[in-house]
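Asks: Make a model of this:
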Amino acid sequence: MPLNQDEKKEVLADTGFISEKIKQRPINRKKLLRRTAITFFLAIVFGIVACFTFLFLQPVFSDRLYPEPEPEPISFPEEDVQDELTPEEMFADEHAIAEIEAQYLEANQKDQIDEAIASYTFSASDYGKMMTSLKAVAQSVGSSIVTVTAVSNDTNWFSESFESSGSASGVIIANNGTNYYIVVPSSAISDAETIRVTFFDGAVANAEVKLADDVTGISVISVSRTNLSDSTRQKVTTAFLGSSNNGTMTGLPVIAVGSPIGVQGSISYGIITSEKTTLDLEDSYYKLLTTDIYGSTLGSGVLANLNGQIIGIIDMSFNTDDLQNHICAIGITELKSLFEDLSNGRNRAYLGVHGTTIPADIQDQQNIPAGAYITKTELGSPAMQAGIQSGDIITAIEGTEVASYEQFISKLAQCSPDDIITVAVKRQAPNDYIELEIEVTLTSATHN
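Replies: Below is the predicted model:
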């Protein structure tokens, strides 16, 4: 007998079967949006972290996988010192024979040449040609001259920020394919927060200090070649460093290039009036070149000869009171080794002595030992702390004998800051000289 609807429900209930209808859970839109936002935020954070990680590690991996070649160290060729030939050597050389014949002919024709010169009248046109030629030399040197500007942020009385700047002329002394190395007075960049270099074609680039020398007040700064356009790199030249030590420069014409009158790009002409003065600076024997060129006490730049070779770095801080405005320069010959050290980031040792070489005839007459005669020790210097006194004669450094102050300075230049060296000293006693060995701990004469 068939069951009705109620009976069917009772049977299903008795057997434990329940009929249910499954409904879909409602969507929580706020929770979904929150989870989506969190996922999006985490994705952004992950991307930022990955980006910075890549930027940080990419140069490291790049340097390890593809290391850039080390730039060549900066060096300058040694100046050639030509010895005189003996008569035998001269006659053994065909070229020397030809030179002697030419000199003989020149001597026979000297009277004719003198007569020709005496009869020639120089015109304004000739003078103009000469000045044009000098200007061409100055312009060739000018392509290696830059303007170095020190920029710093200052605040005036009203708390308004502004930029202050000062400038000086520098000269490009070297180019190793990666950087340009520029010599500039340290005083021009001492308080700089940013150093800007303006090249002769108007291109501007930032520079960084390699090293500054506390003795001479000269710094070397560098500019990366990648910061300049191809056009500028093709136009910029490196200065040709000549010689200031040939002993025959007095009376020769020179050109002051840079800012000899305190104006960038100025040029002046004159002659060398003296080349024998030795600067009284510690641990050095730099020579001072004086000229008859009237300039500014704030002048800077270089002195060049008529071949366009740099023979001196203008420095007006050594002028005497009666010649304050006459252009003076430190001779380039003695500066070359300093330029090498500063360009290569090699700190120089500091002892702190002033000295000279006693002439041989005076040594013989007064029975003075050969060596570096110390005239003064700097207050608080390593030399003074070690007990070196004025009047001492240093005869050896680290076991190597020195017969002059110049030799001693050359040996000292081979030392490094923090080196502990031993110097042999002869000190005058009532009856004779006594020998001492003094140990000195050197410090640094340079800084970044």
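
Asks: in stretch 305-313, what's buried?
Replies: 305, 308-313 (16 or more other Cβ atoms under 10 Å). (Each C-beta comes from the backbone N, C-alpha and C, glycine too.)

Asks: Can you pick out the most distant pair from those?
Replies: Spatial extent of these (Cβ to Cβ) is set by the pair G308 and I313 at 15.7 Å.

Asks: that older thread, which one of the buried residues of stretch 305-313 is nearest to I368?
Replies: Looking across the buried residues of stretch 305-313 and measuring by Cβ to Cβ, the closest to I368 is G312, at 32.8 Å.

Asks: if I pick the nearest residue to the closest one once chain neighbours are set aside, what's in contact with it?
Replies: Excluding its sequence neighbours, the residue lying closest to G312 (Cβ to Cβ, 6 or more residues apart in numbering) is A329, at 3.0 Å. A329 is in contact with 288-289, 291, 302-303, 311-315, counting by Cβ atoms under 8 Å, 6 or more residues apart in numbering.

Asks: mind running it again at 6 Å?
Replies: By Cβ atoms under 6 Å, 6 or more residues apart in numbering, A329 lies in contact with 289, 303, 312-314.

Asks: how about low-confidence regions in the chain?
Replies: Of all residues in the chain, those with pLDDT under 70 make up the ranges 1-32, 54, 56-71, 80-118, 154-165.

Asks: Which residue is the nearest non-sequential neighbour of the residue most central in space within it?
Replies: Taking Cα atoms, centre = their mean as the criterion, V220 is the residue nearest the geometric centre of the chain, at 2.0 Å. Excluding its sequence neighbours, the residue lying closest to V220 (Cβ to Cβ, 6+ apart) is L342, at 3.9 Å.

Asks: The one you found and L211 touch, don't they?
Replies: Yes: assessed by Cβ atoms under 6 Å, L342 is found in contact with L211 at 4.4 Å.

Asks: who has more neighbours, the two?
Replies: L342 (27 against 22; other Cβ atoms under 10 Å).

Asks: how far is whichever helix or strand that one is part of from where the chain is centred?
Replies: Using DSSP states H and E, L342 maps to helix 332-343. Taking Cα atoms, centre = their mean, to the nearest Å, one finds helix 332-343 lying 8 Å from the centre of the chain it belongs to.

Asks: Determine the set of other helices and strands touching that helix.
Replies: Judged by 3 or more Cβ pairs under 6 Å, 6 or more residues apart in numbering; DSSP states H and E, helix 332-343 is in contact with strand 310-314.

Asks: ok, now with 7 Å
Replies: strand 204-213, strand 218-224, strand 310-314 (3 or more Cβ pairs under 7 Å, 6 or more residues apart in numbering; DSSP states H and E).

Asks: Tell me the first helix or strand C-terminal of it.
Replies: Once the chain leaves helix 332-343, the next helix or strand it forms, by DSSP H and E, is strand 349-350.

Asks: partners of that following strand in the sheet?
Replies: Paired with strand 349-350 in the same sheet, following DSSP bridges, are strand 443-444 (antiparallel).
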